[in-house]
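A.B. asks: coords please:
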Amino acid sequence: MFELDLSDTQRDLVGAIRSVCAGYDDDYWSRHDQEHLFPDDFFDAMVKVGVVGMMAEPEYGGGGSTVEDAALALQEIAASGAGINGCSTVHLSMFGFHPVTKWGSPELREKYLPRISSGEIHVSFSVTEPDAGSDTTRITTKAVPTDDGWLLRGRKVWMTKGLQSSAALVLARTKAIGETARPVDGLSLFVADLDPSYVDIKAISKMGRNAVASCEVVFDDLPIPRENLVGEEGRGFYNLLDGLNPERILVAAEAVGLGIAALRRGTDYARERVVFGRPIGQNQGIAHPLADAYMQLQAAANMVRVAARLYDSGKPCGTEANTAKFLAARAAFFAADRALQNHGGMGYATEYHVERYFREARMLRITPVTEEQIFNYVAERALKLPKSY
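C.D. replies: As a prediction, this is how the structure comes out:
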């Protein structure tokens, strides 16, 4: 029911991913999450099946796939039980360097995209700072000009895959606030090679998705060559905007997949667990919330497909992409919460895996955009209400 209206090519894609993911069961992901181990062998398997490079242009070794195809791939990975750990292993390699694809020079694209598509290198994306979360205009990390480029100075947080990555997209300030008409006009986007001589990267201790680290990064005069500027100087914020909608769509697809995994666990347990001489799933207090979770996930999955098809056809999709992310994150959390509740005390036990799904699902209501910011967007853009911030 979560794969309606697929083309033959898409069915083959989903089937191939499902076959590979079957070799990485819930115990695999639980162990990697508990021990904070990056799943290198899973990443390599996703390279071989074509997932990692699927969105890159064929001239750079990729498959030239659509956002809809990528969403289906990530949904299937999450639904296998890999959850957000599995998706985060490959997501940035699939899509993280989208601004380079669109705005980078031919030389810059040739320098990085083939190596990303082949899985030769991992890459990260670095925008958020300790004092600048949703308000990107207030970042303070600086790119100080030199004769042949820039020196990068500052601190970033929540950089996914920082420990594995060779390079990162970094948004930095090339003009101070007040030197341009608007604060966003002083921001530029760079590809930074993460030379450990100039970069200190540390994992942030966090609630979930621990197979893939989120990192605090300090740049101490990291040299950036002039050719590693993405697009025009001072246009970095705008160069990021085109990637926001597909990012929301892809994360929404991951949320749907995670919700499917949780729902499967919750319903299996409801069939098998017998209390007072009957399966607990025979009780409406158990059955109705599971049916509710199913319908929420189905609605979210359909919204993901609507948003993806709008984006792939070149049509405006801001409201649809944000709506998909909102609905999917809430549906995933509801499904994970009910699955945990159905297990009673055993829901807290790692052997049943639902506690891992629950921890990952909670994250999706915050990142990459909070529910509150989505409310702001929809109120202003869809309902034409005055801007509130």
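A.B. asks: what about the helices in the stretch 1-150 of the chain?
C.D. replies: Per DSSP state H, counting those that start in this stretch, the stretch 1-150 of the chain carries helices over the ranges 8-21, 26-35, 40-48, 67-77, 83-91, 98-103, 106-117.
A.B. asks: Check which residues of the longest one are buried.
C.D. replies: Along helix 8-21, the positions that meet the burial threshold by neighbour count (16 or more other Cβ atoms under 10 Å) are 10, 13, 14, 17, 20, 21. No exception for glycine: its C-beta is placed from N, CA and C like everyone else's.
A.B. asks: Quick one: residues contacting the last one.
C.D. replies: Contacts for residue 21 were tallied using Cβ atoms under 8 Å, 6 or more residues apart in numbering; they are 76, 77, 80, 81, 82, 86.
A.B. asks: Surely the second one and residue 256 touch.
C.D. replies: This points to residue 77. No - assessed by Cβ atoms under 8 Å, residue 77 is found out of contact with residue 256, at 11.4 Å.
A.B. asks: Now for residue 78, how many residues are close by?
C.D. replies: Neighbourhood size, residue 78 [other Cβ atoms under 10 Å]: 29.
A.B. asks: So which residues of the stretch 101-250 of the chain form strands?
C.D. replies: Ranges of strands in the stretch 101-250 of the chain, per DSSP state E, counting those that start in this stretch, are 122-126, 142-146, 149-160, 165-173, 187-193, 199-203, 214-225, 229-230.
A.B. asks: Would you tell me which of those strands gets closest to residue 340?
C.D. replies: Each of the strands of the stretch 101-250 of the chain has some distance to residue 340 by Cβ to Cβ; the shortest is strand 214-225, at 23.1 Å.
A.B. asks: so the closest one versus strand 122-126, what angle?
C.D. replies: Interaxial angle of strand 214-225 relative to strand 122-126 (axes from the mean of the first three to the mean of the last three Cα atoms, to 10 degrees): 100 degrees.
A.B. asks: how many degrees apart are strand 214-225 and strand 199-203 in direction?
C.D. replies: Using the same axes, to 10 degrees: strand 214-225 against strand 199-203 is 160 degrees.
A.B. asks: helices or strands up against strand 214-225?
C.D. replies: Counting contacts by 3 or more Cβ pairs under 8 Å, 6 or more residues apart in numbering; DSSP states H and E, strand 214-225 packs against strand 142-146, strand 149-160, strand 187-193, strand 199-203.
A.B. asks: rerun that using 6 Å as the cut-off
C.D. replies: strand 149-160, strand 187-193, strand 199-203 (3 or more Cβ pairs under 6 Å, 6 or more residues apart in numbering; DSSP states H and E).
A.B. asks: Give me the residue at the spatial middle of this protein.
C.D. replies: A centroid search over the chain (Cα atoms, centre = their mean) returns residue 251, at 4.8 Å, as the residue closest to the centre.
A.B. asks: Just the element for it, please.
C.D. replies: helix 244-272 (DSSP states H and E).
A.B. asks: Can you give the distance from that helix to the centre of its chain?
C.D. replies: Between the centre of helix 244-272 and the centre of its chain there are 14 Å (Cα atoms, centre = their mean, to the nearest Å).
A.B. asks: What of stretch 349-364?
C.D. replies: Per Cα atoms, centre = their mean, the centroid offset for stretch 349-364 relative to its chain is 17 Å.
A.B. asks: Name the residues that touch it?
C.D. replies: Outside stretch 349-364, the residues within contact range by Cβ atoms under 6 Å, 6 or more residues apart in numbering are 26, 30, 33, 83-84, 207-209, 255, 258, 262, 265, 329, 332-333, 336, 339-340, 343, 346-348.
A.B. asks: Just the buried ones out of these, please.
C.D. replies: The neighbour count (16+ other Cβ under 10 Å) marks 26, 30, 33, 83-84, 208-209, 255, 258, 262, 265, 329, 332-333, 336, 339-340, 343, 347 as buried among the contacts of stretch 349-364.
A.B. asks: how far away is the most far-flung residue of the chain relative to its centre from residue 283?
C.D. replies: Within the chain, residue 277 marks the point farthest from the mean C-alpha position, 43.6 Å out by Cα atoms, centre = their mean. From residue 277 across to residue 283, the span is 12 Å (Cβ to Cβ, to the nearest Å).
A.B. asks: pLDDT below threshold where in this structure?
C.D. replies: For the chain, applying pLDDT under 70 flags the ranges 1-2.
A.B. asks: How many residues are close by residue 130?
C.D. replies: 11.
A.B. asks: Find the nearest non-adjacent residue to it, please.
C.D. replies: In space, and not counting its chain neighbours, residue 130 is closest to residue 157: 5.5 Å by Cβ to Cβ, 6 or more residues apart in numbering.
A.B. asks: isn't that neighbour right up against residue 216?
C.D. replies: Yes - Residue 157 is in contact with residue 216 according to Cβ atoms under 6 Å; the separation is 5.0 Å.
A.B. asks: Let me see the contact set for residue 329.
C.D. replies: Counting by Cβ under 6 Å, 6+ apart, residue 329 has contacts 255, 364, 365.
A.B. asks: With respect to residue 149, which of those is nearest?
C.D. replies: The closest of the contacts of residue 329 to residue 149 turns out to be residue 364 (Cβ to Cβ; 37.1 Å).
A.B. asks: Which residue, other than its chain neighbours, is closest to that closest one?
C.D. replies: Nearest residue to residue 364 in three dimensions, chain neighbours excluded: residue 329, at 4.1 Å (Cβ to Cβ, 6+ apart).
A.B. asks: any idea which element that neighbour lies in?
C.D. replies: If you go by DSSP H and E, residue 329 is part of helix 318-342.
A.B. asks: What is the distance between that helix and the centre of its chain?
C.D. replies: Using Cα atoms, centre = their mean, the offset of helix 318-342 from its chain centre is 15 Å.
A.B. asks: Quick one: neighbours of residue 163, just the number.
C.D. replies: Applying other Cβ under 10 Å, I find that residue 163 has 18 neighbouring residues.
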